[in-house]
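Colleague: Need the 3D shape of this:
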Amino acid sequence: MICKIRKWERADAGNLASALSNKKIQDNLRDGLPKPYTEQDGMDYISDMLSADENETFAFAITVDGKVAGSIGAFRQRNIHRQTAELGYYIAEEYWDKGIMTEAVKQICEYVFSKSDIIRIYAEPFAYNIASCRVLEKAGFQYEGILRSNAVKNGKVIDMKMYSIIKELS
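Modeller: Numbers count the residues shown, from 1 in each chain. From the prediction side, this is the model:
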């Protein structure tokens, strides 16, 4: 399966809602997503991403064979971290364990580094999310350490891991 990242389209809202209605996916994302996640929620998110400053928010649909399979975004940080972006992503369960997310992560990093002044992209997966950690490692991210008791998810205090990739400065 070959994946591509592309800008969001309003017609993607249904596929977005379908993927995000899965508890297994929501359990690996930050809180704040509506439950259930509706097509209207997807439309609202897509509208926000399409109207965002393209030098601050790098948000894409992940497609496989032309169908939206997931979401990936890099979000510029502020102040002294203004040349750093945080990476976030998810993919529908039917596409797990196929190498698609690793490819999407490589694609967004290449895009962000070539189209902006961002020099560092980082991600903070939950420590128990071994698959997400593996995606980052396979995409060339370096493990930087554990963020102990860094979040509360589903009523449990959990650790997170810190990974980053640095733009080749020459």
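
Colleague: Next SSE downstream of the lengthiest helix in the chain?
Modeller: Longest helix in the chain by number of residues (criterion: DSSP state H): helix 100-115. Sequence-wise, the next helix or strand downstream of helix 100-115 (DSSP states H and E) is strand 120-123.

Colleague: what's that following strand packed up against?
Modeller: Applying 3 or more Cβ pairs under 8 Å, 6 or more residues apart in numbering; DSSP states H and E, we find strand 120-123 packed against strand 84-91, helix 100-115, strand 156-166. From N, CA and C alone the C-beta is placed, and that goes for glycine too.

Colleague: Which of those sits closest to Asp31?
Modeller: Closest approach to Asp31 among the helices and strands packed on strand 120-123 is made by strand 156-166 (12.1 Å; Cβ to Cβ).

Colleague: what angle separates the closest one from helix 100-115?
Modeller: 50 degrees (axes from the mean of the first three to the mean of the last three Cα atoms, to 10 degrees).

Colleague: what is the rounded mean pLDDT of strand 156-166?
Modeller: Across strand 156-166, pLDDT averages out at 97.

Colleague: So what sits opposite Tyr163 in the bridge?
Modeller: With DSSP bridges applied, the residues forming beta bridges to Tyr163 are Ala123, Tyr143.

Colleague: what's the average pLDDT for the longest helix of the chain?
Modeller: Helix 100-115 comes out at a mean pLDDT of 97.

Colleague: What of stretch 59-71?
Modeller: Mean pLDDT, stretch 59-71: 94.

Colleague: With stretch 31-43 instead?
Modeller: 88.

Colleague: Can you give me the end-to-end span of that stretch?
Modeller: Its start and end residues considered, stretch 31-43 measures 19 Å (Cα to Cα, to the nearest Å).

Colleague: just stretch 115-128 next, same as before
Modeller: Span of stretch 115-128 from end to end, Cα to Cα: 33 Å.
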